[in-house]
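> Sequence first, predicted coordinates after that:
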Amino acid sequence: MEHGDDAAREWADRFASTPERDASFRTLSGEPIRPLYTAADLPEPREEQPAVGHPGAYPFTRGVYPSMYRGRLWTMRQFAGFGTAEETNERFRYLIDHGQTGLSTAFDMPSLMGHDSDHPRSEGEVGREGVAVDTLDDMETLFAGIDLGSVTVSMTINAPAAIMLAFYVVAAERNGVPADRLGGTIQTDILKEYIAQKEWCFPIDPAMRLVGDMIEWCSTEMPRWHPVSISGYHIREAGSTAAQELAFTLKDGLTYVEQAVARGLDVDDFAPRLSFFFNAQIDFFEEIAKYRAARRIWARELKETFGAKDPRSWLMRFHTQTAGVSLTAQQPLNNIIRTAIEALAGVLGGTQSLHTNSYDEALALPTEDAVRIALRTQQIIAHESGVTNTIDPLGGSYFVEALTDEMERQAYAYFSKIDELGGMVEAVKRNYPQREIADAAFRLQCEIDDGERVVVGVNKHTEGDDAATEIHRIDPALERKQIDRLQGVRGRRDSAMVEAALATIRELAAREDANLMPALLDAARAHATEGEIVESLQTVFGRYTEAPVF
């Protein structure tokens, strides 16, 4: 440590540090924060990895591209979906007209769980939390009038992702756009479902097989498509710490890589098309450090552990969404400020695309006015704030670099524990990440309830205007409309062709060496419904029942 650093640390210890005061300065994850950081806190450089390095150079701590936002802004990809395909198509067009540069699709709960809209368990949920998509007809309507060859599309769906991708591919081909021209992402991160989001159709092992089938098929047929978006977002929304989000997400991703390599795929044939999806929580610097550590760990593991030779395989490209769980129903206009801070963390952390939440989302699906403010938040950051004028403006910050190193250390500690349990699949079966997240969520809520953690408008500064906020309401008649539409498709299609397609799916599902994607595409062309395809697979794969965590 240089003499100046000694003096600075001595000053901080003398004037800015007492045990009582130090106890109150922590990250959102609970990590203590020192009163002052100096050059002595920077991570030690290694021969193959400089402490800071350069953007666009291994290990990509400072960003995956040399020019970052000076060369091209992130994609502004607002999440949208509600009601029927017609209503969501109108919202997509609205967003495009207001400057959105990518489409991101939210599906309703029945679609996420693999149920058709007329299934008994779908009652009251059709179109409530996203758009209802039961058939190829719905998918065509959803993107009617939108050139799928020129816009990138993200779809947030996991357990039935292979089925929804089949619908999308066939809808595009019927409009003259072949699969190899389609660009975008489908989430498909099934391990995250068992860990956090709890939307599943099949037991873990056959569900992992479907993920592998998609990766294998897309590696040859859809070169512009990202078949898996490994998602920490929902892990964080379930209550994890930043370090847990980082560790469990990366370990999920590394597990998908292991599975694909075990199938005989060359890592460089598919790894460049793996992408990630992270949360942007309210703890500004901790989030930035999390993204920097994530890039560094992924690059090292793909290069050193899996032997990837293509530099594109080392790149962690990720989408960011501001934290839904940070939004409050109390004083909802405060959420505009929260979202702006979180979005800025995503940008300064080097995200490739960004969704900003609307201020009214703690109450209902967002109104058009709220969506426009959320999009304008990104545009103001991009064009007015000046943060895009230089690449990685926080690189070299003593605090950010030290925090990045600490996040990396904690991630590898979790990796070691998971490996001791036999890997991520076995750890999930034994409820290890589920318990860790539940404990973290409980600790944080206790801190909020006890007033140790301040949430403005909730447990402090609660006085003020809590006037009623206009909220978006779903017309109950839309559920009946969607069911009528579904039953109309069933009445018009060739039933024999549907039965033949479903029989083929059952036959191939029983063969572990078969890739199911071609059969799913044929079922989509025959107008089989999502629920029919899921139920056919369940006759072979079975169903999943979660074991209690507590």
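Yep, it's here. As the structure is a computational prediction, the values presented were derived from the model and not from experiment. Numbers count the residues shown, from 1 in each chain.
> where are the low-confidence patches of the protein?
Counting by pLDDT under 70, the ranges of the chain that qualify are 1-24, 45-51, 465-468, 472, 550.
> Quick one: residues in contact with the longest helix along it.
Longest helix of the chain, by residue count under DSSP state H: helix 398-420. Applying C-beta atoms under 8 Å, 6 or more residues apart in numbering, the contact partners of helix 398-420 are 27, 31, 37-39, 41-43, 51-52, 61, 242-244, 246-248, 250-251, 285-286, 288-290, 292-293, 296-297, 394-395, 424, 427, 432-433. C-beta here means a position set from N, CA and C on the backbone, and glycine is covered the same way.
> tell me the contacts of A207?
A207 touches 159, 190, 200-201, 541, 544, counting by C-beta under 8 Å, 6+ apart.
> Swap in 6 Å and give it another go.
Neighbouring residues of A207 by C-beta atoms under 6 Å, 6 or more residues apart in numbering: I190.
> ok, now L521?
With C-beta under 6 Å, 6+ apart, L521 has these contacts: A166.
> Look at it and give its secondary structure.
Under DSSP: H, G, I helix; E, B strand; the rest coil, the three-state class of L521 is helix.
> And the helices in the stretch 201-350 of the chain?
Secondary structure of the stretch 201-350 of the chain by DSSP state H, counting those that start in this stretch: the helices cover 204-221, 233-237, 242-262, 267-270, 284-300, 311-314, 334-348.
> tell me the most buried of those helices?
Among those, judged by mean count of other C-beta atoms under 10 Å, the one packed with the most neighbours on average is helix 233-237 (a mean of 27).
> what are the ranges of the helices in the stretch 451-550 of the chain?
For the stretch 451-550 of the chain, the helices defined by DSSP H, counting those that start in this stretch cover 477-492, 495-509, 517-525, 530-541.
> Any idea which of these gets closest to I146?
Ranking the helices of the stretch 451-550 of the chain by distance to I146, with C-beta to C-beta as the measure, places helix 517-525 first at 18.7 Å.
> nearest residue to the residue nearest the centre of the chain other than its sequence neighbours?
Nearest to the mean C-alpha position of the chain, by C-alpha atoms, centre = their mean, lies F277 at 3.2 Å. Using C-beta to C-beta, 6 or more residues apart in numbering and skipping residues adjacent in sequence, the residue nearest F277 is S231, 4.2 Å away.
> I'd like the distance between that neighbour and A509.
Using C-beta to C-beta, to the nearest Å, S231 is found at 25 Å from A509.
> what do you get for E532?
The gap separating E532 from A509 is 14 Å, by C-beta to C-beta.
> got it, and T255?
As judged by C-beta to C-beta, T255 and A509 stand 22 Å apart.
> picking that back up, next, format the helices of the stretch 201-350 of the chain as TSV and append distance to T367.
Formatted as TSV, the helices of the stretch 201-350 of the chain follow (distance: least, C-beta to C-beta, whole Å):
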stretch	distance to T367
helix 204-221	35
helix 233-237	22
helix 242-262	29
helix 267-270	40
helix 284-300	27
helix 311-314	40
helix 334-348	13
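> Nearest to L502, out of those?
Of all the helices of the stretch 201-350 of the chain, it is helix 204-221 that lies closest to L502, at 16.0 Å by C-beta to C-beta.
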